[in-house]
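Visitor: 3D, please:
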Amino acid sequence: MACFVVPMSAAIVTTAVGKKVPEKYHLNCLNSMFWGGVAMLAVEHIAHGEIVLYPPFLTAGLHEVFPEMIKVGVPMTLCIFLIWGVMVAVATTLDKKAKFANAL
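Guide: Numbers count the residues shown, from 1 in each chain. Predicted structure coming up:
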């Protein structure tokens, strides 16, 4: 129901600090992963009637929303960070190999 709130919060933070992070960390990829997932989940929740476009927006109470945010939203956000970390590591390794090959 509100699992997209956790990655949305992370996306807001990473977007805010995006200009201060060096380009080698590919923060634009992380932001794209977060915002794309948030948009997809929001549309899915709207389609299933779990979110409505008028107050109070969420059709469930807080006693249902917080456990879902913890059980689904936090692991989802951590998985996105993990995948992004692997992408950055692979990109860094490939860049080092390319620089080494060009030096020869």
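
Visitor: and the contacts of the helix or strand hosting Met40?
Guide: Counting by DSSP states H and E, the element that carries Met40 is helix 27-47. Residues outside helix 27-47 that contact it (Cβ atoms under 8 Å, 6 or more residues apart in numbering): 1, 3-4, 7-8, 10-11, 14-15, 17-18, 21, 51-53, 76, 80-81, 83-84, 87. Every C-beta, even on glycine, is put in place using the N, C-alpha and C of the backbone.

Visitor: show me which of those residues are buried.
Guide: Among these, those scoring as buried are 1, 3-4, 7-8, 10-11, 14, 51, 76, 80-81, 84 (criterion: 16 or more other Cβ atoms under 10 Å).

Visitor: coming back round to it: can you tell me which of the contacts of helix 27-47 end up in helices?
Guide: Among the contacts of helix 27-47, DSSP state H puts Pro7, Met8, Ala10, Ala11, Thr14, Thr15, Met76, Ile80, Phe81, Ile83, Trp84, Met87 in helices.

Visitor: considering the residues you listed, which is situated nearest to Phe100?
Guide: Met87 (20.5 Å; Cβ to Cβ).

Visitor: wouldn't the closest one be in contact with His26 here?
Guide: Yes. Using Cβ atoms under 8 Å, Met87 is in contact with His26, at 6.8 Å.

Visitor: which neighbours do those two share?
Guide: Counting by Cβ under 8 Å, 6+ apart, nothing touches both Met87 and His26.

Visitor: hey, which helix or strand in this structure has the poorest pLDDT?
Guide: helix 62-68 (a mean of 88; mean pLDDT, DSSP states H and E).

Visitor: residues making contact with that helix?
Guide: Met1, Ala2, Cys3, Leu58.

Visitor: number of residues surrounding Thr93?
Guide: 10 (other Cβ atoms under 10 Å).

Visitor: return the per-residue confidence for it.
Guide: Turning to Thr93, the model gives it a pLDDT of 95.
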